[in-house]
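Trainee: kindly return the folded structure for what I paste below:
(one chain, ligands or ions: 1)
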Amino acid sequence: MRSGLVDFHCHLDLYPDHAAAVERCERDGVFTLTVTTTPKAWPRNHELASATRHVRAALGLHPQLAAERAHEIGLWEELLPRTRYVGEVGLDAGPRFYRSFETQKEIFARVLSLCAAAGNKIVTTHSVRATKAVLDMIEQHMPPPRGRVVLHWFTGTAAEAKRAVDLGCYFSVNAEMLANEKRAAITKALPLDRVLTETDGPFTQTDARPATPSDVWIAVGGLARLHGMPPADISGMVMRNLKHLLAEQG
Ligand code: MN
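Mentor: Numbering: from 1, shown residues only. You can find the predicted model right below:
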C-alpha cells in the first residue's frame, strides 16, 4: 500500500461503516479531510478523527441541502471555533438546486464572513455551474489574507482558474476530472503548486464500487500522465502543497 497520499475531500460518514472508513485511512496512511454535509454530523466525525494522525473533519452545510437545512447555520456558527477545517460548503446552480440558489448564497456569504472574521480557516468548496459566483463571493467576503479556499472538483474556465489562483485558492483534483481529454484540459492549466488530490468518495467510483481514500492514487496516476511526471513526484508535490497550505496563515 502506498502511504503519504492525500484525499482532501471525502465523505467518510457516508460509507456503511464510518468508524472502519476512518481506520482504513489511518492504516493506509492517507491524509484525509472528511467533509460533512450538515453541522449535526460534525461532532461524531470530529470525535473519530481526533483519535487519528491522518484524518481531520471539516464542518459543512452542503449547498444541495440549503433549502431544508438553512436553519442549521446557527449550529454551524456555534461549532466553528472548534475547527480549522470547513466544508462541504459552496454553491450549486445545477437544474436540481437552482431554486434554492438565493438561500445558498445567503448561507455561503455567512460562512465566508464568519471564517474571515475568525481567520486561518481552510474551506473546501463546491462550485457546480457557479464558479464565477463562488469566486465573486470569496473576493467579497473572504479575500486571501483572511482564509484559504480549496476548490473541490473545479470545472471553470482557464480565466476563472487564474482568478482563483490570484484569490489564493487551491484545487483538489479527483480521478473523474481526468477521465477524458476535455475535462483533463481544465486540470492541466492549474498551477502545480496549488494542486491537491481528492476522491469525493463515496460519490465517485473505482472498479464499479464507491471510491475510498486509498483509491486516490488513481488521481495521482492521472496527474502524472497529464504532466509527464513520475507518480512519486506528483504524490510528493501534493504532500508539499498540503504542508504549505497548512502552514499558511490565512
Ligand atoms: Mn463532496
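Trainee: and the lowest-mean-pLDDT helix or strand in the chain, what does it pack onto?
Mentor: When each helix and strand of the chain is scored by mean pLDDT, DSSP states H and E, helix 181-188 comes last, with a mean of 92. When contacts are defined as 3 or more Cβ pairs under 8 Å, 6 or more residues apart in numbering; DSSP states H and E, helix 181-188 sits against helix 217-227. Bear in mind the C-beta positions are built from the backbone N, C-alpha and C, glycine included.
Trainee: in stretch 12-31, which residues are buried?
Mentor: Within stretch 12-31, the residues scored as buried using 16 or more other Cβ atoms under 10 Å are 12-15, 18, 21-26, 28, 30-31.
Trainee: quick check: angle from the least confident helix or strand of the chain to helix 217-227?
Mentor: 90 degrees (axes from the mean of the first three to the mean of the last three Cα atoms, to 10 degrees).
Trainee: surely Gly236 is within a helix?
Mentor: Yes - checked against DSSP: H, G, I helix; E, B strand; the rest coil, Gly236 lies within a helix.
Trainee: what's the neighbour count on it?
Mentor: 14 (other Cβ atoms under 10 Å).
Trainee: do you know how far it is from Pro230?
Mentor: For Gly236, the distance to Pro230 equals 9 Å [Cβ to Cβ, to the nearest Å].
Trainee: the closest residue to Thr131 other than its chain neighbours: what secondary structure?
Mentor: In this structure, Thr131 finds its nearest non-sequential neighbour in Gly156, 3.5 Å apart by Cβ to Cβ, 6 or more residues apart in numbering. Secondary structure for Gly156, judged by three-state DSSP, is coil.
Trainee: next: Leu91.
Mentor: strand.
Trainee: which residues touch it?
Mentor: Contact partners of Leu91, counting by Cβ atoms under 8 Å, 6 or more residues apart in numbering, are Pro63, Phe101, Gln104, Lys105, Phe108, His126, Ser127, Val128, Ala130, Ala133, Val134, Met137.
Trainee: ok, Arg24 next?
Mentor: Contacts of Arg24 (Cβ under 8 Å, 6+ apart): Val30, Thr212, Pro213, Ser214.
Trainee: so the first one sits against Asp215, correct?
Mentor: It stands for Val30. No - taking contacts as Cβ atoms under 8 Å, Val30 lies outside contact range of Asp215: 9.3 Å.
Trainee: just confirm Ser127 is within a helix.
Mentor: No - counting by three-state DSSP, Ser127 is not found in a helix; it is strand.
Trainee: Val150 is in contact with that one, correct?
Mentor: No - with contact defined as Cβ under 8 Å, Ser127 does not count as touching Val150 (11.0 Å).
Trainee: re earlier: any buried residues in the least confident helix or strand of the chain, and which?
Mentor: For helix 181-188, using 16+ other Cβ under 10 Å, the buried residues are Ala184, Ile186, Thr187.
Trainee: adjacent strands (with direction) for the helix or strand that that helix is followed by?
Mentor: On the C-terminal side of helix 181-188, the closest following helix or strand by DSSP states H and E is strand 195-197. Strand 195-197 has these partner strands in its sheet, going by DSSP bridges: strand 170-173 (parallel).
Trainee: alright, calling it a day.
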